[in-house]
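Asker: test case, fold it:
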Amino acid sequence: MTPQELRTLCLSFNAAVEEFPFNPETSVFKVLGKMFALSSLRGSPLTVNLKCDPEDAVRLRGEYEGLIIPGWHMNKRHWNTVTVDGSLPGRLVRELVEDSYDLVVAGLPRAERLRLDRS
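Answerer: Numbering: from 1, shown residues only. Purely as a prediction, here's the structure:
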């Protein structure tokens, strides 16, 4: 997956936006003000921090050792850093991004979730 493909995927979700609150090199993808992905799209290798169910996070780290690691500069229980350099199946990366988005949406207040459904 290329950096542009990662950006396009993250922005394909309902109400997703890209912001640069830390520096011009770090893309932060949010839904209704809540972060679901963070990446330095110019990084080599390309990586993305994604929110993850804690049990799934541990399982994925064991299954894809070195390619999925505890979230760099994030809450290690809830976030993973995923290497997006072609070593992982593209389908898996897309699923992990979608799962991260879905987890964040699930944590939004009911009224905001309903508003997303209508958009």
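Asker: neighbouring contacts of stretch 105-119?
Answerer: Here stretch 105-119 makes contact (Cβ atoms under 8 Å, 6 or more residues apart in numbering) with Asn14, Ala15, Val31, Leu32, Lys34. Using the backbone N, CA and C atoms, a C-beta is placed for each residue, glycine as well.
Asker: contacts only, for the residue nearest to Leu41 when sequence neighbours are not counted.
Answerer: Counting by Cβ to Cβ, 6 or more residues apart in numbering, Leu41 lies nearest to Pro3, which is 3.9 Å off, once chain neighbours are set aside. For Pro3, the contacting residues are Ser39, Leu41, Arg42, Leu46, by Cβ under 8 Å, 6+ apart.
Asker: ok so the first one is a helix residue?
Answerer: Read that as Ser39. No - secondary structure of Ser39 (DSSP: H, G, I helix; E, B strand; the rest coil): strand, not part of a helix.
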